[in-house]
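Fold the stuff below for me.
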Amino acid sequence: MTDEEYLKYTIQLAADNVDHDGGPFAAIVVKEGTIIAEAGNRVTEKMDPTAHAEVQAIRSACETLKHFELKGCELYVSCEPCPMCVGAIYWARPDQVYFAAGRDDASRAGFDDNLIYKEVSKDPQERSLPFRRINVQDAALPFKKWERKEDKSAY
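The predicted structure follows:
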């Protein structure tokens, strides 16, 4: 399949997801020309605000590959990923991401991520949702322990 065909498939998954009480989003993961994972948005079904299509597809693909990275894979999403999904995608490290609709299309349908895009660029203490750092003794202890660990899985 071509990139456009994968995206058309993903768009149809998103449209079908609406009929199954899911959000109008879908994602697929492709490795070496084979779809290894596909998912729709399941936020309301799972009562989980992180159950976006991209996150669901990443989780499924990583489970299939038995690895926490998606190197050698492409991710196709029906709409430009939100800030949370962008973070998940970067952590998953696919080779390429393709999307169809843009954030403005999502915004017109009531899915407006502009606040989050603006908020993440601010210093934590300047965000509209209070983020307060409390200096606690040994706050960096887990990181110090990680740095000394010899048999760690780098990611």
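
Pretty sure Gly33 sits against Glu5.
No - applying C-beta atoms under 8 Å, one finds Gly33 not in contact with Glu5, separated by 11.2 Å. Any C-beta I mention is one placed from the backbone N, CA and C, and that applies to glycine too.

how many neighbours does Val43 have?
17 (other C-beta atoms under 10 Å).

Likewise for Ile36?
Around Ile36 there are 18 residues (other C-beta under 10 Å).

For it, give me its contacts.
Going by C-beta atoms under 8 Å, 6 or more residues apart in numbering, Ile36 touches Val29, Val30, Ser60, Ala61, Thr64, Leu65, Cys73.

just checking, which of these belong to strands?
Secondary structure from DSSP state E places Val29, Val30, Cys73 of the contacts of Ile36 in strands.

tell me which of those is nearest to Gly110?
Val29 (26.8 Å; C-beta to C-beta).

any idea of the pLDDT on the closest one?
Val29 carries a pLDDT score of 98 in this model.

same thing with the one 3 residues further on?
With respect to pLDDT, Glu32 has a value of 98.

Show the contacting residues for it.
Taking C-beta under 8 Å, 6+ apart, we find Glu32 in contact with Gly72.

returning to that earlier point: can I get the buried ones among the contacts of Ile36 as something I can paste into PyMOL?
The following PyMOL line selects those of these that are buried, judged by 16 or more other C-beta atoms under 10 Å:
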select buried, resi 29+30+60+61+65+73
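
how about JSON lines for the contacts of Ile36, with distance to Lys149 added?
Output for the contacts of Ile36, formatted as JSON lines (distance: C-beta to C-beta, whole Å):
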{"residue": "Val29", "distance to Lys149": "30"}
{"residue": "Val30", "distance to Lys149": "34"}
{"residue": "Ser60", "distance to Lys149": "29"}
{"residue": "Ala61", "distance to Lys149": "27"}
{"residue": "Thr64", "distance to Lys149": "28"}
{"residue": "Leu65", "distance to Lys149": "24"}
{"residue": "Cys73", "distance to Lys149": "28"}
